[in-house]
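Chemist: What shape does this take:
(one chain, ligands or ions: 1)
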Amino acid sequence: MFAGTRSGGAETDSSLPERVSADMPCDQIDRTAGWGPLAGLATRFARQFEAVRSCTDPSYVRPDWAERNEQLARDLLPVPPADFLCHPAIAFQMMMGERIVPYELPYVRERLGDDALLAEDAVGSPPTAAVPDTSIRTSPNTVHQLYHLLRYEEASGRRVRDADTVVEWGGGFGSLMRMLVRLHGGDPTCVVIDTPVFTALQWLYLSAVLGEERVVLHHRAPVRPEPGRVNVVPIGLVRDLELEADLFISNWALNESMPAAQREVVARRWFGADSLLLAMHAGDPFAAVVLDHGARATLLGDFMPGQQYLIR
Ligand SMILES: C[S@@+](CC[C@H](N)C(=O)[O-])C[C@H]1O[C@@H](n2cnc3c(N)ncnc32)[C@H](O)[C@@H]1O
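Modeler: Below is the predicted model:
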């Protein structure tokens, strides 16, 4: 378990937490502890990962992410701990601290009109926060993902639900795609592209929160996305991915990939998408490329200095 390693922010810390069961003989460790009715799904993670493990492209992956991937794979096998969201490769890289909630939650609530979407899923043991004047527990991460989608709607004048096909480059543990499917309300065709270990984790997380029938992890070429499902694609198959998307999303991800990956996405015209939502630091060299393709920059806000959306 990764209990006690929760982060309050996005600081980088490569030191691994002490695993509670590290000194126990293997045959005494119940790796499905805490998974409850999802234990069967969790035990299939290893097989799914094995199927995509070699579907990578080292020329796309920055050394810091390659290292995080190795660490994550080591610690999630054979069965991910039930509190996998506390792993440093996740907690320190993609979980927000509570400090963003007072800035983002009022905006999200006003635009959503219905607090139900804010209810957090227990899968992975995320840190939660109260939604004032309700009995709902949300999480800073869920608020943050909804904030991105709603800021996109405001800046572009388009609704998420107008996109039939959505592709996300670098989807973390699957949080944004989970919220996009729910906000959309229909059966969009979704594609998430990531490194092999993250795609296996996205398969697990999204299957747990959306239902396994809604998710497919691709492991061989050519990749033809299945309509109405979340299609998870490891980066080694991107060149064999047949896709015409309406909306391309990449928050703090394509800019964290190697230039070869950025060139591939630009050469593919963002997988055909007219609409773009990217987020990165305003000083990132890749921002200029996205601006050149007609996106407009808009700052997240004073609570995240220097961070911007690029929206088209
Ligand atoms: C900082 S995290 C951001 C995750 C998520 N977009 C968010 O905002 O919470 C970067 C994401 O990009 C992924 N990533 C890193 N290098 C990548 C590459 N070369 N190709 C695809 N995804 C990559 C990571 O695995 C991770 O999912």
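Chemist: What's the local residue count around residue 115?
Modeler: Other residues near residue 115 number 17, with proximity taken as other CB atoms under 10 Å. For glycine as for every other residue, the C-beta is placed from the backbone atoms N, C-alpha and C.
Chemist: How about the contacts made by it?
Modeler: For residue 115, the contacting residues are 109, 131, 134, 136, by CB atoms under 8 Å, 6 or more residues apart in numbering.
Chemist: Output these in JSON lines; the columns should cover pLDDT and neighbour count.
Modeler: Rendered in JSON lines, the data for the contacts of residue 115 read as follows (pLDDT from 0 to 100; neighbours: other CB atoms under 10 Å):
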{"residue": "109", "pLDDT": "98", "neighbour count": "20"}
{"residue": "131", "pLDDT": "97", "neighbour count": "19"}
{"residue": "134", "pLDDT": "97", "neighbour count": "13"}
{"residue": "136", "pLDDT": "98", "neighbour count": "16"}
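Chemist: quick check, nearest of those residues to residue 213?
Modeler: The shortest separation between residue 213 and any of these is 26.6 Å, and it belongs to residue 136 (by CB to CB).
Chemist: Pretty sure the closest one sits against residue 112.
Modeler: No: the pair residue 136 / residue 112 is not scored as a contact, 11.7 Å apart, by CB atoms under 8 Å.
Chemist: anything in contact with each of those two?
Modeler: Both residue 136 and residue 112 are contacted by residue 118, under the criterion CB under 8 Å, 6+ apart.
Chemist: residues from the stretch 101-250 of the chain in reach of the ligand?
Modeler: Proximity of the stretch 101-250 of the chain to the ligand (CB under 6 Å from any ligand atom) is limited to residues 169, 170, 171, 172, 193, 194, 195, 198, 235.
Chemist: was I right about the second one contacting residue 255?
Modeler: In other words, residue 170. No: no contact is recorded between residue 170 and residue 255 when judged using CB under 8 Å, the distance being 9.1 Å.
Chemist: State the pair within the contacts of residue 115 that is farthest apart.
Modeler: 109 and 136 (10.4 Å).
Chemist: Find the residues that touch each one of those two.
Modeler: Taking CB under 8 Å, 6+ apart as the contact rule, residue 109 and residue 136 both touch 115, 118.
Chemist: So for stretch 166-174, mean pLDDT?
Modeler: This predicted structure assigns stretch 166-174 an average pLDDT of 98.
Chemist: and it, how far apart are its ends?
Modeler: 13 Å (CA to CA, to the nearest Å).
Chemist: ditto for stretch 51-63
Modeler: End-to-end distance (CA to CA), stretch 51-63: 23 Å.
Chemist: And stretch 228-248, by the same measure?
Modeler: Stretch 228-248 stretches 17 Å from its first residue to its last (CA to CA).
Chemist: so where do the strands sit in this structure?
Modeler: 129-130, 137-138, 165-169, 189-194, 215-217, 230-234, 247-251, 275-281, 296-299, 307-311 (DSSP state E).
Chemist: Can you give the contact residues for the longest one?
Modeler: With contacts defined as CB under 8 Å, 6+ apart, strand 275-281 is touched by 148-149, 152, 156, 158, 163, 246-252, 254-255, 270, 286-287, 290, 293, 295, 300, 306-312.
Chemist: How about that strand, which residues are buried there?
Modeler: Taking 16 or more other CB atoms under 10 Å as the basis for neighbour counts, the residues of strand 275-281 that come out buried are 275, 276, 277, 278, 279, 280.
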